[in-house]
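Colleague: Could you look at this predicted model? Sequence included:
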Amino acid sequence: MPPELHTALNLDKKGMVSIIGAGGKTSLMFRLAAELISLDHTVLTTTTTKIFVPDKTQSPVLVTADTLDALKDLARDGLGRYAHLTIGCGIIPEQNKLIGIPAGWAKDIQQDLGVDWLIIEADGARRKPLKASADHEPVVPAQSDHIIGVTGLDAVGKPLSDDHVHRSLIFSSRTGLALGEPITEKAVAKILGIEIQRLKSDHADTLFTAFLNKADDPETLDKGKQVAQYLMAQPVFNQVLVGTLQPSARVKQRYTKT
């Protein structure tokens, strides 16, 4: 039996999880929330960027306020009735987007509310399966116990372009892969390693995991295994998971540092 996501990710106590990258961040966040509340944990989900407003299947209650104290008061009241809330600073109605919290609020919110888990979508990718980060990205709270870098394996083999990669020019400059060339497993591993390395100095005690998503068939699973082998040769990752999040979550392969 494959491990559930929270088990594979070593989410066995309490903490703060930041999810970065592309190709499944939102799905991973709400799947983890569902697993953790089934174990009688309390969970807050949020973003430090913007996400689509969650529906009732993802989160039972949405709480928004434009000040930290007001947000904590509303969330405290909600946690008295629900094990899982999504919080933010407001909604952009014309985009159906939730405005995220400042990264500096995260620690205060988690400590003051005594919530078991704060799970944060800390990056944006414009719904592309792969991305390279600009200098101001990702927006990861310094107190994150876990940072999970997600990527969509459906990008492998596709041409390097804005159709498949958010910030394709940055991806090209950092990996050496020319625009229009097929995206290789090695290039995917290289960009993921670069993304995590940029965070390492500020998160020395954080557990870093790569989640290679959309391994929906044997061919894509093989691509995921190849990316994982490249990643495990790098010093930056503690573990790599290859699996799927839709229509159900499943970890198909797990690689850990000994």
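Modeller: Perfect, I can see it now. Numbering: from 1, shown residues only.
Colleague: now the helices: where do they sit in this protein?
Modeller: 5-8, 25-38, 68-79, 106-113, 168-175, 185-200, 218-232 (DSSP state H).
Colleague: Poorly predicted segments of this protein, please.
Modeller: For the chain, the stretches with pLDDT under 70 are 1-3, 258.
Colleague: For residue 127, find the nearest of the helices of the chain.
Modeller: Smallest distance to residue 127 across the helices of the chain (C-beta to C-beta): 9.6 Å, for helix 25-38. Yep, even glycine has a C-beta here, placed from its N, CA and C like the rest.
Colleague: helices or strands next to the closest one in the packing?
Modeller: In terms of contacts (3 or more C-beta pairs under 8 Å, 6 or more residues apart in numbering; DSSP states H and E), helix 25-38 is packed against helix 5-8, strand 15-21, strand 43-47, strand 84-88, strand 117-121, strand 146-152, strand 207-213.
Colleague: Of all those, which one is nearest residue 161?
Modeller: strand 146-152 (14.8 Å).
Colleague: can you list the helices and strands packed on helix 25-38 in JSON lines and add distance to residue 96?
Modeller: Listed next are those as JSON lines, based on distance: least, C-beta to C-beta, whole Å:
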{"stretch": "helix 5-8", "distance to residue 96": "26"}
{"stretch": "strand 15-21", "distance to residue 96": "20"}
{"stretch": "strand 43-47", "distance to residue 96": "14"}
{"stretch": "strand 84-88", "distance to residue 96": "12"}
{"stretch": "strand 117-121", "distance to residue 96": "15"}
{"stretch": "strand 146-152", "distance to residue 96": "22"}
{"stretch": "strand 207-213", "distance to residue 96": "23"}
